[in-house]
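J.: have a look; sequence and predicted model below, questions after that.
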Amino acid sequence: MPKIVFAPALQRHVALPPVVVDGATVRDVLDAALNGNDRARRYILDDQAALRKHMLIFVDGARVADRRGLSDPVQPTSEIYVLQSLSGG
Amino acid sequence: MSDRFLVATRKGLFTFERRGRGPQPWQITHTDFFGDNVSMVLHDARHGHLHAALDHGHFGVKMHRADEATRVWEELPAPAYPPRPDDLEENDMWGRPLPWSTVRVWALETGGRSEPGTLWCGTIPGGLFKSEDSGATWQIVGSLWHHPDRPKWMAGGADLPALHAILVDPRNPATVRVGVSTGGMWQTDDGGATWRVRGQGLRAEYVPPEHTHHPMYQDIHALAQCPGEPDRLWIQHHNGIFHSEDGGETWREITDVGVSTFGFAVKVHPRDGGTAWFVPAIKDEKRVPADGRFVVTRTRDGGRTFDTLTRGLPQQHAYDLVYRHALDIDGSGERLVMGSTTGGVWVSEDGGDSWLEAAGRLPPVYCVRFMAN
């Protein structure tokens, strides 16, 4: 199953250790990893559940293309990194 | 008189208290959210609550609340916009989709005394929110957000429209006036169910002639209402200073103000609606004090004459700008505090005649607020 890792800078606000969860898209994996944790969701996603302006997600080293729908596919062996961009710093 | 005030800055929230009678009676007694961007702060004396709005940049806007006695902060949900309809085509001034998402909290006020849980919150990109449970939850004021004229609001200093001023009428809390940069002054008299734009007599010199006097094209930088004479209001506007004596229906432009008609902040005396303070700057491309002299201007006769107040303020190579929320007056009308973009904080205890520097090197100041004793 895919593994998702959250930026160290997020940990000051919400503790989000790496987790292995099931899913076929970035949205699936993120939803599973943040299941029930609305506070953490709001640090990563905006009011429309799109990726926040200055956040980035990489899947196996490639930046996700669909920042609004998060429909980029993930593989069972994928590693997903949720990071802050250097912009907005 | 208030012996405490809050200073919200780019790098934290500082609390000052008056201690003793020495040459520097104002001391920093608390530092909260050190290193974080605090865009707005509010003291709700009805409950002893402190509210702080943080802008984490990457991670978005967050609201925190503390009991002022314990200073233990709790994160509460920030105002959130409703789902944006998929078929909606609404762009900002730059042709990009207008974000239906809280970009900044830029106004925060308590409701009336008869509605103890009520808070109002103004945001960029222009949404007004109301809480009836002291900030535990927020609801967008849909009557204003879905108003057919709202999409005509334009960006001011920020890239998106900013609802930055909220005045709850002291006579009736169902009457609320809000100021938008740029979108004019909007008023409800039924607690937010319906809204109308007001502002006959306001003048915008940055739009085509057919819009010059249209109330909705006015770039209000700050809006102030006299608690003791609520029909007397003041506007520090992008290109002028305006005064109303009929609750905001009509406005008189005041041009003979001394240093400059440009600035961001205005505060009015709590009982005398003809007395108001401004912090002028060179318009509009420069936005620094004229000739490097940092001054406050004051009228005590409804705008007929102005004093230029300099005692205690830097008069050489001072480039301090005071943002719209960074000037405050306490309930006595004698104490004022202001904070600048270059981190200066000054207090006056004589209605602005003289000023004492309470801090010289804070981070850029966004908001100052006296705390009721």
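T.: In hand now; what should we look at?
J.: quick one: low-confidence parts of chain A?
T.: A:88-89 (pLDDT under 70).
J.: show me what from it comes close to chain B.
T.: A:9-10, A:13, A:38-39, A:42-44, A:46-48, A:50, A:52, A:54-55, A:84-85, A:88-89 (CB under 8 Å from any CB of the partner chain). (C-beta placed from N, C-alpha, C; glycine too.)
J.: tell me which residue of the stretch 251-373 of chain B lies closest to chain A.
T.: B:Pro363 (15.5 Å; CB to the nearest CB).
J.: and the helices in chain B?
T.: Assigned by DSSP state H, chain B shows helices spanning B:142-145.
J.: near chain A, which residues of it show up?
T.: Neighbours of chain A within chain B, by CB under 8 Å from any CB: B:56-60, B:62, B:75, B:77-78, B:80-81, B:83-84, B:99-102.
J.: which of these count as buried?
T.: B:56-60, B:62, B:78, B:80-81, B:84, B:99-102 (16 or more other CB atoms under 10 Å in any protein chain shown).
J.: tell me, how many residues neighbour whatever residue of the stretch 151-300 of chain B ends up closest to chain A?
T.: The nearest approach of the stretch 151-300 of chain B to chain A comes at B:Asp159, 11.4 Å away (CB to the nearest CB). Neighbours of B:Asp159 under the rule other CB atoms under 10 Å in any protein chain shown: 14.
J.: next: B:Val368.
T.: Neighbours around B:Val368, by other CB under 10 Å: 27.
J.: surely it and B:Arg324 touch.
T.: No. Counting by CB atoms under 8 Å, B:Val368 does not reach B:Arg324; the two are 11.2 Å apart.
J.: which neighbours do these two share?
T.: Counting by CB atoms under 8 Å, 6 or more residues apart in numbering or on different chains, no residue touches both B:Val368 and B:Arg324.
J.: how many neighbours does the nearest residue in space to B:His317 that is not next to it in sequence have?
T.: Excluding the flanking residues, the one nearest B:His317 by CB to CB, 6 or more residues apart in numbering or on different chains is B:Gly292, at 4.7 Å. Using other CB under 10 Å, B:Gly292 is surrounded by 13 other residues.
J.: pull the contacting residues for B:Gly292.
T.: Taking CB under 8 Å, 6+ apart as the test, what B:Gly292 contacts is B:315-319.
J.: state the pLDDT value of it.
T.: Predicted confidence (pLDDT) for B:Gly292: 90.
J.: how near is it to B:Phe262?
T.: 16 Å (CB to CB, to the nearest Å).
J.: please apply the same query to B:Met216.
T.: 21 Å.
J.: A:Leu10 reaches A:Pro18, doesn't it?
T.: No. If you go by CB under 8 Å, A:Leu10 and A:Pro18 don't touch, sitting 11.9 Å apart.
J.: quick one, which of the two is more surrounded?
T.: Neighbours of A:Leu10 and A:Pro18, each counted by other CB under 10 Å, are more numerous for A:Leu10; the result is 20 against 12.
J.: SS state for A:Leu30?
T.: Using DSSP: H, G, I helix; E, B strand; the rest coil, the structure places A:Leu30 in helix.
J.: is it true that it touches A:Ile4?
T.: Yes. A:Leu30 is within contact range of A:Ile4, at 7.1 Å (criterion: CB under 8 Å).
J.: now the common contact residues for these two.
T.: Common neighbours of A:Leu30 and A:Ile4 (CB under 8 Å, 6+ apart) are A:Val82.
J.: run through the residues that contact B:Val368.
T.: B:5-8, B:325-328, B:337-339, B:345.
J.: just those residues: which are in strands?
T.: Mapping the contacts of B:Val368 onto strands (DSSP state E) picks out B:5-8, B:327-328, B:337-339, B:345.
J.: reformat these as a markdown table; add distance to B:Asp133 and pLDDT.
T.: Output for the ones in strands among the contacts of B:Val368, formatted as a markdown table (distance: CB to CB, whole Å; pLDDT from 0 to 100):
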| residue | distance to B:Asp133 | pLDDT |
| --- | --- | --- |
| B:Phe5 | 27 | 98 |
| B:Leu6 | 22 | 98 |
| B:Val7 | 27 | 98 |
| B:Ala8 | 23 | 98 |
| B:Leu327 | 30 | 98 |
| B:Asp328 | 26 | 98 |
| B:Val337 | 30 | 98 |
| B:Met338 | 33 | 98 |
| B:Gly339 | 31 | 98 |
| B:Val345 | 33 | 98 |
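J.: from those residues, which is closest to B:Trp106?
T.: Relative to B:Trp106, the closest of those is B:Ala8; by CB to CB it sits at 11.4 Å.
J.: any idea what the closest one is bridged to?
T.: B:Leu13, B:Cys367 (DSSP bridges).
J.: separation between it and chain A?
T.: To chain A, B:Ala8 is 19 Å away according to CB to the nearest CB, to the nearest Å.
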